[in-house]
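K.L.:
next come a sequence and a model predicted from it.
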Amino acid sequence: MLDFNYTLLIQFLNILILLILLNFLLFKPVLNALNKRRAFMQALADKVQAEEKQATELTKSYEDESKERRRPILEQRDTTVKEAQTASTKVIEEARQELTIDLEKMKERVRTESSAALQRLSGEADRLSQEVVQKVLKRNN
């Protein structure tokens, strides 16, 4: 009934041999190349990550160093500004005191001159009133 065909068996063996040969000659080398490439890419990614971490650390170190170097300058600037404010306040207070003294002197001078002018004017008013009285009396005579 069933007639056994040897060509089918030969074809099956040919395919098995071809698969074994392809496995050794094609699949394993390609898989090895892919694994090497994957390992190389992973190593590159790790190296890039390490370089980024180092760059971040260097940036932080630079910023910290920069802050430390600027600190004395900023402190000196603050000290200078405070000293300038103190000196300007002192100058302003001295000027106010001098102006107060000058104002008092001016007030005293104005008082003195006004009382002297008042005395002169009252003496002058007395003299003028006597002259007016004498002229009026002369006219009435």
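P.N.:
Looks like it arrived, so ask away. Residues are numbered from 1 along each chain as shown.

K.L.:
quick check: mean pLDDT of stretch 106-114?
P.N.:
Average pLDDT, stretch 106-114: 90.

K.L.:
what do you get for stretch 45-63?
P.N.:
Mean pLDDT, computed over stretch 45-63, is 95.

K.L.:
which parts of that stretch are buried?
P.N.:
Within stretch 45-63, not a single residue qualifies as buried, counting by 16 or more other Cβ atoms under 10 Å. C-beta: built from backbone N, CA, C; applies to glycine.

K.L.:
distance from it to the middle of the chain?
P.N.:
26 Å (Cα atoms, centre = their mean, to the nearest Å).

K.L.:
how about stretch 128-138?
P.N.:
Taking Cα atoms, centre = their mean, the mean C-alpha location of stretch 128-138 is offset from the chain mean by 86 Å.

K.L.:
ok, now stretch 32-43?
P.N.:
With Cα atoms, centre = their mean, you get 48 Å for stretch 32-43.

K.L.:
check stretch 67-81 too.
P.N.:
14 Å.

K.L.:
how far off centre is the helix or strand harbouring V136?
P.N.:
Taking DSSP states H and E as the definition, one finds V136 inside helix 28-140. Distance of helix 28-140 from the chain centroid (Cα atoms, centre = their mean) equals 18 Å.

K.L.:
which strands and helices sit next to that helix?
P.N.:
Packing partners of helix 28-140 (3 or more Cβ pairs under 8 Å, 6 or more residues apart in numbering; DSSP states H and E): none among the helices and strands.

K.L.:
what sits against L118?
P.N.:
Residues in contact with L118 (Cβ atoms under 8 Å, 6 or more residues apart in numbering): none are found.

K.L.:
which pLDDT value goes with it?
P.N.:
So, for L118, pLDDT stands at 86.

K.L.:
could you measure from it over to A125?
P.N.:
From L118 across to A125, the span is 10 Å (Cβ to Cβ, to the nearest Å).

K.L.:
next: K67.
P.N.:
Taking Cβ to Cβ, one finds K67 at 82 Å from A125.

K.L.:
just I15 next, same as before
P.N.:
150 Å.

K.L.:
same check, this time on K82
P.N.:
62 Å.
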